[in-house]
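Enquirer: Got a predicted structure here, sequence first:
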Amino acid sequence: MKIISMIPARYSASRFPGKLMQDLGGKTVILRTYEATVAANLFDNVFVVTDSKIIFDEIINNGGEAIMSKKDHDCGSDRIAEAVENMDIDIVINVQGDEPFTDKESLRKLIEVFKEDNNKEIDLASLMVHITDEDEINNPNTVKVVLDQENFALYFSRSPIPYPREKNVGVKYYKHKGVYAFRKEAILDFYKLPIMPLEASEKLEQLRYLEYGKRIKMVETDVQGVEIDTPKDLERAKKLWK
C-alpha cells in the first residue's frame, strides 16, 4: 500500500491572507507544517501543493517537495485531486497547511483505519477532538461533527450540533480537525462532482462527500494543537511553540 501526504496551501486565505508565510518560532507556518509531516516518517512522499510561487519557493528552497497547481481550485481536495490524478498511490493524507502541530500518532491512527478496512467500506478517514468549552462549541470557526454508533460522520457544521435542548443527556461535542485520509478513488470522484447546497451553505468541503454518499470514518485524537485561522490563533500558536 503506497501512502503519501499532500499539504494544500493557498496564499490568499480569506480570513488571514498570507498566514502560511507568517513566522512561527523562526520558520514559516507552512514550513513548520511540512517538516512536522515529514518527521512523522509515515509516508512514501510528502508534497506541498499550492497556487502560490511564494509558498512553492519556500518549500523548494528549504529542501522540500512542492507541486504548482495547474488550475484554480475552490478547496484543498480539488487541489490534491489534480496533483494525484496520475500518481501510482493508494492512500493520500491531506494535512492542512495551517496545522503545524499535527502529530505522528494521530496520522498513524488514520493510516491504520485503511490497513484494517479489508472490505474497502471506508472512503475517507478524518480526525476529531472532544471539546467541552462552550465558546469553542459555539464558535463558527470551530467545525463540529456528529457521528453514528460506528464513528462514521453523519454531519459537519459550523453551528453547535447537536442543539442542546436537553443538557443532561450525555452528549459529547467533537471538533473536526482538517486532516483527511482518502482512498485515491474517493478524492478523484470528489473532483468530478459539482458542489451541492449543503457544502455551498456551510463552506465545508467534507459535506460534498456526505451528500454523494461517501463514508467518512472519524478517529478521535486528544492532540488539540492550534489551527491558524486568524492573527489571534497565530499568537496562541507562538506561545504554544515556546
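Expert: Yes, it's here.
Enquirer: which one is Ala66 nearest to, not counting chain neighbours?
Expert: Leaving aside its chain neighbours, Ala66 sits nearest to Ile59 (4.1 Å; criterion: C-beta to C-beta, 6 or more residues apart in numbering). All C-beta spots, glycine's among them, are computed from the backbone N, C-alpha and C.
Enquirer: Can you tell me the element the one you found falls in?
Expert: According to DSSP states H and E, Ile59 maps onto helix 53-60.
Enquirer: Okay, now the unreliable bits of the protein?
Expert: 14, 225 (pLDDT under 70).
Enquirer: Please write out the alpha-carbon positions of the longest strand belonging to it in CSV.
Expert: Counting residues, the longest strand found in the chain (DSSP state E) is strand 173-183. The C-alpha coordinates for strand 173-183 follow below in CSV (Å, rounded to 0.1, in the frame of the first residue of the first chain):
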residue,chain,number,x,y,z
TYR,A,173,-19.2,17.6,21.2
TYR,A,174,-16.4,16.9,18.8
LYS,A,175,-14.3,19.4,16.9
HIS,A,176,-13.3,18.3,13.4
LYS,A,177,-9.6,18.6,12.7
GLY,A,178,-8.9,19.2,9.0
VAL,A,179,-6.7,16.2,8.5
TYR,A,180,-8.1,13.7,6.0
ALA,A,181,-7.1,10.3,4.6
PHE,A,182,-8.6,9.4,1.2
ARG,A,183,-8.6,6.4,-1.0
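Enquirer: so how far is it off the chain centroid?
Expert: Chain-centre distance of strand 173-183: 6 Å, with C-alpha atoms, centre = their mean, to the nearest Å.
Enquirer: Packing partners of that strand?
Expert: Strand 173-183 sits against helix 76-84, strand 91-94, helix 104-115, strand 124-131, strand 144-147, strand 216-220, with contacts defined as 3 or more C-beta pairs under 8 Å, 6 or more residues apart in numbering; DSSP states H and E.
Enquirer: could you dump those to JSON lines with mean neighbour count and distance to Glu227?
Expert: Conversion of those to JSON lines gives the following (neighbours: other C-beta atoms under 10 Å; distance: least, C-beta to C-beta, whole Å):
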{"stretch": "helix 76-84", "mean neighbour count": "22", "distance to Glu227": "13"}
{"stretch": "strand 91-94", "mean neighbour count": "24", "distance to Glu227": "14"}
{"stretch": "helix 104-115", "mean neighbour count": "16", "distance to Glu227": "13"}
{"stretch": "strand 124-131", "mean neighbour count": "21", "distance to Glu227": "11"}
{"stretch": "strand 144-147", "mean neighbour count": "20", "distance to Glu227": "14"}
{"stretch": "strand 216-220", "mean neighbour count": "20", "distance to Glu227": "17"}
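Enquirer: closest to Val179 out of the ones you listed?
Expert: In terms of C-beta to C-beta, the element of the helices and strands packed on strand 173-183 nearest to Val179 is strand 124-131, at 4.8 Å.
Enquirer: And for the closest one, what's in contact with it?
Expert: 106, 109-110, 113-114, 137, 142, 145, 153, 172-183, 186, 206, 209, 214-224 (C-beta atoms under 8 Å, 6 or more residues apart in numbering).
Enquirer: so what's Asp78 up against?
Expert: 190-191.
Enquirer: so how far is Ile55 from it?
Expert: The gap separating Asp78 from Ile55 is 17 Å, by C-beta to C-beta, to the nearest Å.
Enquirer: same thing with Ala81?
Expert: 19 Å.
Enquirer: Same check on Lys115?
Expert: Using C-beta to C-beta, Lys115 is found at 32 Å from Ile55.
Enquirer: circling back: what strands line up against the longest strand of the chain, and which way round?
Expert: Strand pairing for strand 173-183, using DSSP bridges, gives strand 91-94 (antiparallel), strand 124-131 (antiparallel), strand 144-147 (antiparallel).
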